[in-house]
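[1] Need a 3D model of the sequence below.
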Amino acid sequence: MQKADYLNISSARDISSKKDKLIYRLLEILPGVLSLGTLLGVFIFSWLAPAWVAIFIICFSFYYLLRILYFSLHQVLGYFKVKRHLKEDWLQKLKKHKGSSWKKIYHVVILPTYKEGSAIIKESLDSLLAADYPKEKLIVVLALEERAGEMFNRAAKKIQAQYQNKFFAFLTVAHPSNVPGEIAGKGSNVAWAGKAVKEFIDARNIPYEDILVSSFDIDTKVYPQYFSCLTWYYVTEKNPQRASYQPVPVYNNNIWEASFFTRVVSTSNTFWQMIQQERSEKLTTYSSHAIVATVFFEVGYPANVVCDDSRIFWRAYLHYDGHYRAVPMYYLVSMDAVASTNIFKTTLNQYKQQRRWAWGCAEIPYVMFGFLQNKEIPLREKIHHIYTLLDGYWSWATAALLLFVLGWLPIFLGGDQFNFSVLSFNLPILTSRIMTVSLVGMLISAIMSTMLLPPLPRGMNQFKKVAVFVQWVFLPVILIVFGSFPALDAQIRLMLGRYMGFWVTEKLRR
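    Got it, this is the predicted structure:
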(Lines give C-alpha, C1' and ligand atoms only; values in the text may rest on other atoms or scores of the structure.)
Protein backbone atom coordinates (compact mmCIF):
# COMPACT_ATOMS: atom_id res chain seq x y z
CA MET A 1 0.00 0.00 0.00
CA GLN A 2 1.27 3.45 -0.90
CA LYS A 3 1.98 5.98 1.87
CA ALA A 4 -0.66 8.38 0.55
CA ASP A 5 -3.24 5.60 0.90
CA TYR A 6 -2.62 4.53 4.48
CA LEU A 7 -2.17 8.10 5.69
CA ASN A 8 -5.75 8.88 4.63
CA ILE A 9 -7.45 5.91 6.32
CA SER A 10 -10.22 6.84 8.76
CA SER A 11 -11.57 3.33 9.39
CA ALA A 12 -11.45 -0.23 8.01
CA ARG A 13 -14.20 0.57 5.52
CA ASP A 14 -11.79 2.86 3.62
CA ILE A 15 -9.59 -0.11 2.64
CA SER A 16 -10.28 -2.06 -0.56
CA SER A 17 -7.84 -4.95 -0.03
CA LYS A 18 -9.60 -7.75 1.87
CA LYS A 19 -6.41 -8.76 3.67
CA ASP A 20 -5.55 -5.24 4.79
CA LYS A 21 -9.18 -4.56 5.69
CA LEU A 22 -9.23 -7.63 7.94
CA ILE A 23 -5.97 -6.60 9.63
CA TYR A 24 -7.24 -3.07 10.26
CA ARG A 25 -10.57 -4.40 11.53
CA LEU A 26 -8.79 -6.67 14.01
CA LEU A 27 -6.75 -3.70 15.20
CA GLU A 28 -9.98 -1.74 15.71
CA ILE A 29 -11.28 -4.56 17.88
CA LEU A 30 -8.09 -4.74 19.97
CA PRO A 31 -8.65 -1.80 22.41
CA GLY A 32 -12.12 -3.00 23.39
CA VAL A 33 -10.97 -6.60 23.75
CA LEU A 34 -8.14 -5.58 26.09
CA SER A 35 -10.36 -3.40 28.29
CA LEU A 36 -13.43 -5.64 28.38
CA GLY A 37 -11.24 -8.71 28.68
CA THR A 38 -9.60 -7.25 31.78
CA LEU A 39 -12.89 -6.35 33.45
CA LEU A 40 -14.65 -9.60 32.54
CA GLY A 41 -11.56 -11.54 33.52
CA VAL A 42 -11.62 -10.02 37.01
CA PHE A 43 -15.27 -11.10 37.37
CA ILE A 44 -14.72 -14.63 36.09
CA PHE A 45 -11.47 -15.36 37.89
CA SER A 46 -12.74 -13.83 41.14
CA TRP A 47 -15.00 -16.88 41.13
CA LEU A 48 -12.64 -19.45 39.62
CA ALA A 49 -9.30 -18.32 41.10
CA PRO A 50 -9.98 -15.63 43.74
CA ALA A 51 -6.51 -15.88 45.30
CA TRP A 52 -4.83 -15.03 42.00
CA VAL A 53 -7.20 -12.12 41.39
CA ALA A 54 -6.57 -10.83 44.92
CA ILE A 55 -2.82 -10.90 44.27
CA PHE A 56 -3.40 -9.13 40.94
CA ILE A 57 -5.52 -6.43 42.65
CA ILE A 58 -2.86 -5.84 45.33
CA CYS A 59 -0.04 -5.66 42.74
CA PHE A 60 -2.16 -3.40 40.53
CA SER A 61 -2.88 -1.08 43.47
CA PHE A 62 0.83 -0.88 44.34
CA TYR A 63 1.62 -0.20 40.69
CA TYR A 64 -0.92 2.61 40.53
CA LEU A 65 0.31 4.06 43.81
CA LEU A 66 3.79 4.36 42.31
CA ARG A 67 2.27 5.68 39.10
CA ILE A 68 0.28 8.34 40.97
CA LEU A 69 3.37 9.47 42.87
CA TYR A 70 5.35 9.55 39.62
CA PHE A 71 2.63 11.55 37.88
CA SER A 72 2.28 13.90 40.84
CA LEU A 73 5.98 14.72 40.64
CA HIS A 74 5.66 15.57 36.94
CA GLN A 75 2.49 17.53 37.65
CA VAL A 76 4.26 19.72 40.21
CA LEU A 77 7.28 20.22 37.95
CA GLY A 78 5.03 21.08 35.02
CA TYR A 79 3.04 23.56 37.11
CA PHE A 80 6.12 25.50 38.23
CA LYS A 81 7.44 25.59 34.66
CA VAL A 82 4.12 27.06 33.54
CA LYS A 83 4.32 29.70 36.27
CA ARG A 84 7.85 30.64 35.17
CA HIS A 85 6.76 30.83 31.54
CA LEU A 86 3.87 33.14 32.42
CA LYS A 87 6.27 35.53 34.15
CA GLU A 88 8.79 35.56 31.29
CA ASP A 89 8.85 38.48 28.84
CA TRP A 90 8.91 36.43 25.65
CA LEU A 91 8.78 39.36 23.26
CA GLN A 92 11.82 40.87 24.94
CA LYS A 93 13.60 37.51 24.67
CA LEU A 94 12.84 37.49 20.94
CA LYS A 95 14.21 40.99 20.53
CA LYS A 96 17.43 39.92 22.23
CA HIS A 97 17.68 36.72 20.19
CA LYS A 98 20.60 36.70 17.75
CA GLY A 99 19.50 37.85 14.34
CA SER A 100 16.02 39.06 13.46
CA SER A 101 14.57 35.86 12.00
CA TRP A 102 11.62 36.05 14.37
CA LYS A 103 10.41 39.24 12.69
CA LYS A 104 9.60 37.23 9.56
CA ILE A 105 7.26 34.84 11.38
CA TYR A 106 3.56 35.11 10.62
CA HIS A 107 0.86 33.38 12.67
CA VAL A 108 -2.27 32.00 11.07
CA VAL A 109 -5.05 31.44 13.60
CA ILE A 110 -7.91 29.23 12.38
CA LEU A 111 -11.09 29.50 14.45
CA PRO A 112 -13.67 26.90 13.35
CA THR A 113 -17.19 27.79 14.48
CA TYR A 114 -20.60 26.16 14.31
CA LYS A 115 -23.61 28.00 15.73
CA GLU A 116 -21.62 29.64 18.53
CA GLY A 117 -22.81 33.08 19.57
CA SER A 118 -21.03 36.28 18.60
CA ALA A 119 -20.02 36.92 22.24
CA ILE A 120 -17.91 33.74 22.34
CA ILE A 121 -16.23 34.50 19.01
CA LYS A 122 -15.48 38.09 20.01
CA GLU A 123 -13.92 37.00 23.29
CA SER A 124 -11.46 34.84 21.36
CA LEU A 125 -10.72 37.61 18.87
CA ASP A 126 -10.25 40.16 21.64
CA SER A 127 -7.68 37.87 23.27
CA LEU A 128 -5.75 37.91 19.98
CA LEU A 129 -5.85 41.70 19.99
CA ALA A 130 -4.60 41.75 23.58
CA ALA A 131 -1.60 39.59 22.67
CA ASP A 132 1.73 41.40 22.56
CA TYR A 133 2.86 40.00 19.20
CA PRO A 134 2.76 42.49 16.28
CA LYS A 135 -0.76 42.39 14.82
CA GLU A 136 0.60 42.96 11.31
CA LYS A 137 1.94 39.40 11.60
CA LEU A 138 -1.40 37.80 12.51
CA ILE A 139 -3.70 36.24 9.90
CA VAL A 140 -7.04 35.33 11.46
CA VAL A 141 -9.41 32.90 9.75
CA LEU A 142 -12.99 32.57 10.94
CA ALA A 143 -13.99 29.18 9.56
CA LEU A 144 -17.78 28.91 9.25
CA GLU A 145 -20.02 25.96 8.52
CA GLU A 146 -22.45 26.46 5.64
CA ARG A 147 -24.88 24.07 7.38
CA ALA A 148 -25.10 26.44 10.38
CA GLY A 149 -27.51 28.58 8.37
CA GLU A 150 -27.69 32.07 6.93
CA MET A 151 -28.25 33.77 10.30
CA PHE A 152 -24.83 32.66 11.60
CA ASN A 153 -23.14 33.55 8.31
CA ARG A 154 -24.56 37.07 8.50
CA ALA A 155 -23.35 37.41 12.08
CA ALA A 156 -19.87 36.31 10.93
CA LYS A 157 -19.83 39.02 8.26
CA LYS A 158 -20.56 41.63 10.92
CA ILE A 159 -17.70 40.31 13.02
CA GLN A 160 -15.41 40.44 10.01
CA ALA A 161 -16.34 44.07 9.38
CA GLN A 162 -15.51 44.88 13.00
CA TYR A 163 -12.12 43.13 13.10
CA GLN A 164 -10.78 43.03 9.54
CA ASN A 165 -8.59 46.13 9.89
CA LYS A 166 -7.05 45.07 13.19
CA PHE A 167 -4.83 42.28 11.86
CA PHE A 168 -2.66 41.71 8.81
CA ALA A 169 -5.66 39.88 7.39
CA PHE A 170 -9.05 38.65 8.56
CA LEU A 171 -10.55 35.94 6.37
CA THR A 172 -14.03 34.45 6.56
CA VAL A 173 -14.36 31.02 4.96
CA ALA A 174 -17.55 28.96 4.70
CA HIS A 175 -17.11 25.20 4.68
CA PRO A 176 -19.72 23.63 2.35
CA SER A 177 -21.93 20.79 3.48
CA ASN A 178 -21.70 17.17 2.35
CA VAL A 179 -18.22 17.20 0.82
CA PRO A 180 -17.47 13.60 -0.29
CA GLY A 181 -15.05 11.75 1.99
CA GLU A 182 -15.37 14.20 4.88
CA ILE A 183 -16.74 13.91 8.41
CA ALA A 184 -18.62 17.05 9.38
CA GLY A 185 -16.72 18.61 12.26
CA LYS A 186 -13.74 20.65 13.31
CA GLY A 187 -11.15 18.77 11.22
CA SER A 188 -12.95 19.11 7.90
CA ASN A 189 -13.66 22.78 8.63
CA VAL A 190 -10.00 23.51 9.44
CA ALA A 191 -8.85 21.59 6.35
CA TRP A 192 -11.19 23.59 4.12
CA ALA A 193 -10.11 26.88 5.68
CA GLY A 194 -6.51 25.83 5.01
CA LYS A 195 -7.21 25.96 1.26
CA ALA A 196 -8.16 29.64 1.51
CA VAL A 197 -5.09 30.30 3.65
CA LYS A 198 -2.85 28.67 1.03
CA GLU A 199 -4.30 30.83 -1.74
CA PHE A 200 -3.85 33.95 0.38
CA ILE A 201 -0.20 33.36 1.32
CA ASP A 202 0.76 32.02 -2.13
CA ALA A 203 -0.57 35.23 -3.68
CA ARG A 204 1.78 37.17 -1.40
CA ASN A 205 4.76 34.81 -1.78
CA ILE A 206 5.17 34.31 1.95
CA PRO A 207 7.47 31.30 2.54
CA TYR A 208 5.70 28.42 4.30
CA GLU A 209 8.58 28.05 6.75
CA ASP A 210 7.81 31.59 7.99
CA ILE A 211 4.24 30.73 8.94
CA LEU A 212 2.93 28.96 12.03
CA VAL A 213 -0.66 27.73 11.88
CA SER A 214 -2.56 27.58 15.18
CA SER A 215 -5.66 25.42 15.03
CA PHE A 216 -7.91 26.56 17.87
CA ASP A 217 -11.33 25.72 19.22
CA ILE A 218 -13.66 28.68 18.85
CA ASP A 219 -13.64 29.32 22.62
CA THR A 220 -9.83 29.36 22.84
CA LYS A 221 -8.48 32.54 24.42
CA VAL A 222 -4.72 33.01 24.26
CA TYR A 223 -2.75 34.35 27.19
CA PRO A 224 -1.00 37.65 26.35
CA GLN A 225 2.38 36.28 25.23
CA TYR A 226 1.24 33.10 23.50
CA PHE A 227 2.49 34.07 20.03
CA SER A 228 5.77 35.49 21.32
CA CYS A 229 6.36 32.32 23.33
CA LEU A 230 5.41 30.11 20.36
CA THR A 231 7.73 32.07 18.07
CA TRP A 232 10.58 31.67 20.58
CA TYR A 233 10.08 27.91 20.63
CA TYR A 234 10.00 27.83 16.84
CA VAL A 235 13.14 29.90 16.18
CA THR A 236 15.13 28.07 18.87
CA GLU A 237 14.00 24.51 18.04
CA LYS A 238 16.74 22.33 16.52
CA ASN A 239 14.51 21.05 13.69
CA PRO A 240 11.58 23.47 13.79
CA GLN A 241 9.82 22.30 10.63
CA ARG A 242 9.52 18.73 11.88
CA ALA A 243 7.59 19.58 15.01
CA SER A 244 4.19 20.53 16.36
CA TYR A 245 3.95 22.96 19.27
CA GLN A 246 1.63 22.11 22.15
CA PRO A 247 0.59 24.63 24.84
CA VAL A 248 -1.15 23.67 28.10
CA PRO A 249 -4.95 24.06 28.04
CA VAL A 250 -6.82 25.43 31.04
CA TYR A 251 -10.60 25.76 31.20
CA ASN A 252 -10.83 29.11 32.95
CA ASN A 253 -13.17 30.99 30.62
CA ASN A 254 -16.23 30.02 32.66
CA ILE A 255 -14.68 28.03 35.50
CA TRP A 256 -16.47 29.91 38.30
CA GLU A 257 -19.89 29.28 36.76
CA ALA A 258 -19.20 25.62 35.89
CA SER A 259 -20.61 22.66 37.85
CA PHE A 260 -18.31 21.01 40.38
CA PHE A 261 -17.88 17.84 38.33
CA THR A 262 -17.08 19.68 35.10
CA ARG A 263 -14.43 21.66 37.00
CA VAL A 264 -12.83 18.45 38.23
CA VAL A 265 -12.94 16.86 34.76
CA SER A 266 -11.52 19.99 33.10
CA THR A 267 -8.80 20.55 35.68
CA SER A 268 -7.83 16.87 35.60
CA ASN A 269 -7.38 17.23 31.86
CA THR A 270 -5.12 20.26 32.40
CA PHE A 271 -3.01 18.36 34.92
CA TRP A 272 -2.72 15.37 32.58
CA GLN A 273 -1.45 17.68 29.85
CA MET A 274 1.13 19.14 32.27
CA ILE A 275 2.28 15.60 33.03
CA GLN A 276 2.55 14.81 29.33
CA GLN A 277 4.55 17.99 28.74
CA GLU A 278 7.12 16.58 31.17
CA ARG A 279 7.19 13.31 29.21
CA SER A 280 7.72 14.86 25.79
CA GLU A 281 8.64 11.51 24.23
CA LYS A 282 4.98 10.52 24.77
CA LEU A 283 3.46 13.87 23.82
CA THR A 284 1.13 14.27 20.85
CA THR A 285 -0.95 17.26 19.80
CA TYR A 286 -4.21 17.90 21.56
CA SER A 287 -6.98 20.47 21.12
CA SER A 288 -5.39 23.88 20.43
CA HIS A 289 -1.90 23.51 18.94
CA ALA A 290 0.38 24.92 16.26
CA ILE A 291 2.24 23.48 13.26
CA VAL A 292 4.41 25.05 10.60
CA ALA A 293 2.59 25.77 7.33
CA THR A 294 5.00 23.48 5.47
CA VAL A 295 3.62 20.50 7.41
CA PHE A 296 0.04 21.74 7.25
CA PHE A 297 0.06 21.82 3.45
CA GLU A 298 2.49 19.00 2.71
CA VAL A 299 0.96 16.41 5.05
CA GLY A 300 -2.60 17.66 4.71
CA TYR A 301 -4.91 18.40 7.62
CA PRO A 302 -7.27 15.43 8.24
CA ALA A 303 -10.86 16.04 7.14
CA ASN A 304 -12.24 12.52 7.64
CA VAL A 305 -11.75 11.86 11.36
CA VAL A 306 -13.22 12.96 14.69
CA CYS A 307 -9.94 13.43 16.60
CA ASP A 308 -8.19 15.67 14.07
CA ASP A 309 -5.89 17.21 16.69
CA SER A 310 -4.05 13.94 17.40
CA ARG A 311 -4.43 12.60 13.85
CA ILE A 312 -2.46 15.47 12.31
CA PHE A 313 0.45 14.53 14.58
CA TRP A 314 0.37 10.85 13.60
CA ARG A 315 -0.05 11.68 9.91
CA ALA A 316 3.06 13.85 10.10
CA TYR A 317 4.94 11.23 12.12
CA LEU A 318 4.23 8.55 9.50
CA HIS A 319 4.72 10.92 6.57
CA TYR A 320 8.20 11.90 7.78
CA ASP A 321 9.12 8.32 8.72
CA GLY A 322 9.27 9.04 12.44
CA HIS A 323 11.27 12.25 12.13
CA TYR A 324 8.61 14.33 13.83
CA ARG A 325 7.83 15.31 17.40
CA ALA A 326 5.54 17.40 19.58
CA VAL A 327 7.36 20.20 21.39
CA PRO A 328 5.92 20.96 24.85
CA MET A 329 5.15 24.65 25.39
CA TYR A 330 4.72 25.50 29.06
CA TYR A 331 2.37 28.32 28.22
CA LEU A 332 -1.40 28.53 28.61
CA VAL A 333 -4.43 28.86 26.39
CA SER A 334 -7.85 29.02 28.02
CA MET A 335 -11.10 27.36 26.94
CA ASP A 336 -14.58 26.69 28.31
CA ALA A 337 -15.49 24.02 30.83
CA VAL A 338 -18.64 22.16 29.79
CA ALA A 339 -21.80 24.03 30.77
CA SER A 340 -25.45 23.97 29.73
CA THR A 341 -28.81 25.33 30.77
CA ASN A 342 -29.42 22.75 33.52
CA ILE A 343 -27.54 20.08 35.47
CA PHE A 344 -28.98 17.21 33.41
CA LYS A 345 -27.85 18.68 30.09
CA THR A 346 -24.48 19.60 31.57
CA THR A 347 -23.98 16.02 32.75
CA LEU A 348 -24.97 14.62 29.35
CA ASN A 349 -22.76 17.10 27.49
CA GLN A 350 -19.79 16.32 29.72
CA TYR A 351 -20.22 12.61 29.06
CA LYS A 352 -20.48 13.18 25.31
CA GLN A 353 -17.39 15.35 25.28
CA GLN A 354 -15.42 12.74 27.20
CA ARG A 355 -16.64 10.05 24.82
CA ARG A 356 -15.53 12.12 21.84
CA TRP A 357 -12.08 12.56 23.38
CA ALA A 358 -11.99 8.84 24.22
CA TRP A 359 -12.67 8.14 20.54
CA GLY A 360 -8.97 8.85 20.25
CA CYS A 361 -8.73 5.05 20.70
CA ALA A 362 -9.25 5.00 16.92
CA GLU A 363 -5.64 6.18 16.69
CA ILE A 364 -4.51 2.75 17.91
CA PRO A 365 -5.46 0.86 14.70
CA TYR A 366 -4.37 3.82 12.56
CA VAL A 367 -0.90 3.99 14.10
CA MET A 368 -0.38 0.22 14.31
CA PHE A 369 -1.46 -0.28 10.70
CA GLY A 370 0.74 2.62 9.63
CA PHE A 371 3.68 1.01 11.43
CA LEU A 372 3.06 -2.25 9.56
CA GLN A 373 3.22 -0.35 6.25
CA ASN A 374 6.11 1.98 7.09
CA LYS A 375 9.46 0.15 7.15
CA GLU A 376 11.59 3.25 7.80
CA ILE A 377 10.60 3.88 11.42
CA PRO A 378 12.83 1.96 13.88
CA LEU A 379 11.16 -1.00 15.60
CA ARG A 380 12.08 0.32 19.05
CA GLU A 381 10.14 3.54 18.40
CA LYS A 382 7.16 1.59 17.07
CA ILE A 383 7.01 -0.57 20.20
CA HIS A 384 7.34 2.49 22.43
CA HIS A 385 4.45 4.34 20.76
CA ILE A 386 2.20 1.29 20.55
CA TYR A 387 2.70 0.55 24.24
CA THR A 388 2.00 4.18 25.15
CA LEU A 389 -1.26 4.19 23.17
CA LEU A 390 -2.48 0.81 24.41
CA ASP A 391 -1.57 1.54 28.03
CA GLY A 392 -3.17 4.99 27.92
CA TYR A 393 -6.56 3.91 26.58
CA TRP A 394 -6.62 0.66 28.56
CA SER A 395 -5.92 2.59 31.78
CA TRP A 396 -8.52 5.20 30.89
CA ALA A 397 -11.19 2.52 30.56
CA THR A 398 -10.24 0.16 33.39
CA ALA A 399 -8.06 1.71 36.11
CA ALA A 400 -10.75 3.57 38.09
CA LEU A 401 -13.07 0.54 38.03
CA LEU A 402 -10.30 -1.80 39.14
CA LEU A 403 -9.19 0.49 41.94
CA PHE A 404 -12.51 1.63 43.37
CA VAL A 405 -15.07 -1.06 42.47
CA LEU A 406 -13.72 -4.43 41.39
CA GLY A 407 -11.05 -4.85 44.06
CA TRP A 408 -13.66 -6.38 46.38
CA LEU A 409 -14.90 -9.03 43.93
CA PRO A 410 -12.71 -11.90 45.19
CA ILE A 411 -14.34 -11.51 48.62
CA PHE A 412 -17.87 -11.51 47.20
CA LEU A 413 -17.37 -14.24 44.60
CA GLY A 414 -14.50 -16.28 46.02
CA GLY A 415 -16.60 -18.57 48.20
CA ASP A 416 -16.09 -19.77 51.77
CA GLN A 417 -12.71 -21.39 51.14
CA PHE A 418 -11.18 -18.09 50.02
CA ASN A 419 -13.08 -15.92 52.50
CA PHE A 420 -11.60 -17.77 55.46
CA SER A 421 -8.05 -17.35 54.17
CA VAL A 422 -5.43 -14.87 55.39
CA LEU A 423 -5.30 -13.30 51.93
CA SER A 424 -9.04 -12.61 52.02
CA PHE A 425 -8.69 -10.93 55.41
CA ASN A 426 -5.78 -8.75 54.29
CA LEU A 427 -7.06 -7.81 50.82
CA PRO A 428 -9.37 -4.94 51.90
CA ILE A 429 -6.84 -3.76 54.50
CA LEU A 430 -3.96 -3.58 52.03
CA THR A 431 -5.96 -2.00 49.21
CA SER A 432 -7.56 0.59 51.51
CA ARG A 433 -4.17 1.58 52.90
CA ILE A 434 -2.70 1.85 49.43
CA MET A 435 -5.63 4.02 48.34
CA THR A 436 -5.21 6.17 51.46
CA VAL A 437 -1.56 6.83 50.61
CA SER A 438 -2.50 7.55 47.00
CA LEU A 439 -4.75 10.36 48.24
CA VAL A 440 -1.59 12.48 48.31
CA GLY A 441 -1.99 12.74 44.54
CA MET A 442 -5.56 13.97 44.93
CA LEU A 443 -4.45 16.46 47.58
CA ILE A 444 -1.77 17.84 45.26
CA SER A 445 -4.38 18.21 42.49
CA ALA A 446 -6.78 19.95 44.89
CA ILE A 447 -4.15 22.46 46.01
CA MET A 448 -2.88 23.16 42.50
CA SER A 449 -6.40 23.52 41.12
CA THR A 450 -6.92 26.54 43.40
CA MET A 451 -3.56 27.99 42.34
CA LEU A 452 -4.54 27.92 38.66
CA LEU A 453 -7.86 29.71 39.13
CA PRO A 454 -8.45 33.16 37.63
CA PRO A 455 -9.51 36.01 39.95
CA LEU A 456 -12.90 35.57 41.59
CA PRO A 457 -15.56 37.67 39.79
CA ARG A 458 -16.74 40.71 41.68
CA GLY A 459 -19.68 39.94 43.93
CA MET A 460 -19.07 36.18 44.07
CA ASN A 461 -18.83 34.60 47.51
CA GLN A 462 -15.28 33.84 48.67
CA PHE A 463 -16.56 30.43 49.83
CA LYS A 464 -16.39 29.42 46.17
CA LYS A 465 -12.62 28.92 46.49
CA VAL A 466 -13.16 26.49 49.34
CA ALA A 467 -15.73 24.61 47.26
CA VAL A 468 -13.19 24.28 44.42
CA PHE A 469 -10.80 22.61 46.86
CA VAL A 470 -13.38 20.33 48.51
CA GLN A 471 -14.87 19.17 45.18
CA TRP A 472 -11.90 16.82 44.69
CA VAL A 473 -13.36 14.36 47.21
CA PHE A 474 -15.69 13.33 44.36
CA LEU A 475 -12.73 12.40 42.13
CA PRO A 476 -13.14 8.58 42.41
CA VAL A 477 -16.79 8.75 41.28
CA ILE A 478 -16.00 11.30 38.56
CA LEU A 479 -13.16 9.12 37.23
CA ILE A 480 -15.63 6.28 36.76
CA VAL A 481 -18.66 8.18 35.44
CA PHE A 482 -16.75 10.60 33.17
CA GLY A 483 -13.63 8.49 32.65
CA SER A 484 -14.08 4.74 32.51
CA PHE A 485 -17.66 4.71 31.20
CA PRO A 486 -17.20 7.01 28.16
CA ALA A 487 -13.86 5.33 27.38
CA LEU A 488 -15.50 1.90 27.39
CA ASP A 489 -18.37 3.32 25.35
CA ALA A 490 -15.97 4.59 22.67
CA GLN A 491 -13.93 1.37 22.58
CA ILE A 492 -17.02 -0.83 22.30
CA ARG A 493 -18.32 1.35 19.44
CA LEU A 494 -14.99 1.00 17.66
CA MET A 495 -14.93 -2.75 18.33
CA LEU A 496 -18.42 -3.17 16.82
CA GLY A 497 -17.68 -0.90 13.86
CA ARG A 498 -20.20 1.71 14.99
CA TYR A 499 -18.03 4.65 13.97
CA MET A 500 -18.66 7.97 15.69
CA GLY A 501 -19.24 11.32 14.07
CA PHE A 502 -18.10 14.66 15.47
CA TRP A 503 -20.20 15.99 18.34
CA VAL A 504 -19.98 19.75 18.88
CA THR A 505 -19.76 20.74 22.55
CA GLU A 506 -22.35 23.36 23.47
CA LYS A 507 -20.91 26.77 24.36
CA LEU A 508 -22.83 29.21 26.56
CA ARG A 509 -22.36 32.66 28.03
CA ARG A 510 -24.49 33.73 30.99
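[2] quick one: the helices in the stretch 251-400 of the chain?
    In the stretch 251-400 of the chain, the helices defined using DSSP state H, counting those that start in this stretch lie at 260-278, 293-299, 308-319, 343-358, 363-373, 379-404.
[3] which strands and helices sit next to the longest one?
    This means helix 379-404. Here helix 379-404 touches helix 18-48, helix 50-87, helix 343-358, helix 363-373, helix 475-479, helix 485-496, going by 3 or more C-beta pairs under 8 Å, 6 or more residues apart in numbering; DSSP states H and E. Any C-beta I mention is one placed from the backbone N, CA and C, and that applies to glycine too.
[4] Could you tell me the angle between the direction of it and that of helix 50-87?
    For helix 379-404 against helix 50-87, the angle by axes from the mean of the first three to the mean of the last three C-alpha atoms, to 10 degrees is 110 degrees.
[5] which residues of the stretch 151-300 of the chain fall in strands?
    Counting by DSSP state E, counting those that start in this stretch, residue ranges of the strands within the stretch 151-300 of the chain are 169-175, 211-215, 221-222, 243-250, 289-292.
[6] quick one: R493 and A487 touch, right?
    No - in this structure R493 lies outside contact range of A487 using C-beta atoms under 8 Å: 10.9 Å.
[7] between the two, which one's more packed in?
    A487 (28 against 19; other C-beta atoms under 10 Å).
[8] what sits against the nearest residue to Y223 once chain neighbours are set aside?
    Leaving aside its chain neighbours, Y223 sits nearest to L332 (4.8 Å; criterion: C-beta to C-beta, 6 or more residues apart in numbering). Contact analysis of L332 by C-beta atoms under 8 Å, 6 or more residues apart in numbering lists V82, L86, Y223, Y226, P247, V248, P249, V250.
[9] ok, now with 6 Å
    Contacts of L332 were listed using C-beta atoms under 6 Å, 6 or more residues apart in numbering, and they are Y223, V248, V250.
[10] Nearest to L26 among those?
    The nearest member of these to L26, counting by C-beta to C-beta, is V248 at 36.1 Å.
[11] I figured the closest one hits Q273, correct?
    Yes - V248 is within contact range of Q273, at 5.3 Å (criterion: C-beta atoms under 6 Å).
[12] of those two, who's got more company?
    Between V248 and Q273, V248 has the larger neighbour count (other C-beta under 10 Å), namely 25 against 20.
[13] Against H319, how distant is D210?
    21 Å (C-beta to C-beta, to the nearest Å).
[14] Also L452?
    From L452 to H319 the distance is 36 Å (C-beta to C-beta).
[15] Likewise for S445?
    Taken as C-beta to C-beta, the span from S445 to H319 is 37 Å.
[16] What mean pLDDT does stretch 405-425 get?
    The pLDDT scores in stretch 405-425 average 77.
[17] same check, this time on stretch 88-107
    Mean predicted confidence for stretch 88-107 is 89.
[18] quick check: angle from the longest strand seen in the chain to strand 243-250?
    Ranked by residue count and defined by DSSP state E, the top strand of the chain is strand 325-334. Strand 325-334 runs at 30 degrees relative to strand 243-250, counting by the same axes, to 10 degrees.
[19] For stretch 249-261, list every residue counted as buried.
    Within stretch 249-261, the residues that count as buried by 16 or more other C-beta atoms under 10 Å are P249, V250, Y251, N252, N253, N254, I255, W256, E257, A258, S259, F261.
[20] Name the nearest residue to the fifth one, ignoring sequence neighbours.
    Counting by C-beta to C-beta, 6+ apart, N253 lies nearest to D336, which is 4.6 Å off, once chain neighbours are set aside.
[21] Next, the one you found: phi, psi?
    In terms of degrees, to the nearest 10, the main-chain angles of D336 are phi -90, psi 140.
[22] Kindly report the same for V141.
    Note on V141: its backbone torsions stand at phi -120, psi 110 [degrees, to the nearest 10].
[23] What are the buried residues along stretch 95-110?
    Under 16+ other C-beta under 10 Å, the buried positions of stretch 95-110 are W102, I105, Y106, H107, V108, V109, I110.
[24] Take the residues you listed and keep only those in strands.
    If you go by DSSP E, these have Y106, H107, V108, V109, I110 in strands.
[25] Just list whatever residues bridge to the second one.
    Taking DSSP bridges, one finds L138, L212 as the beta-bridge partners of H107.
[26] didn't it look like it was pressed against L138?
    Yes - if you go by C-beta under 6 Å, H107 and L138 touch, sitting 5.3 Å apart.
[27] so what sits against both of these two?
    By C-beta under 6 Å, 6+ apart, no residue touches both H107 and L138.
[28] need the contact list for Y114.
    E145, A148, V504.
[29] any idea of the pLDDT on the second one?
    When you say that, I think you mean A148. 83.
[30] wait, what's in contact with F369?
    Y24, L27.
[31] quick one on the thing from earlier: among the helices and strands packed on helix 379-404, which comes closest to S177?
    That would be helix 343-358 among the helices and strands packed on helix 379-404, by C-beta to C-beta, at 20.5 Å.
[32] What does T450 show for phi and psi?
    Main-chain torsions, T450, degrees, to the nearest 10: phi -70, psi -30.
[33] next one: L142
    phi -90, psi 110.
[34] Number the residues from 18 up from this point.
    Okay, residue one is now 18; in that scheme the one you just asked about reads as L159.
[35] show me what contacts the nearest residue to it once chain neighbours are set aside?
    Leaving aside its chain neighbours, L159 sits nearest to T189 (5.0 Å; criterion: C-beta to C-beta, 6+ apart). Under the criterion of C-beta under 6 Å, 6+ apart, the contact list for T189 reads L159, A173, Q177.
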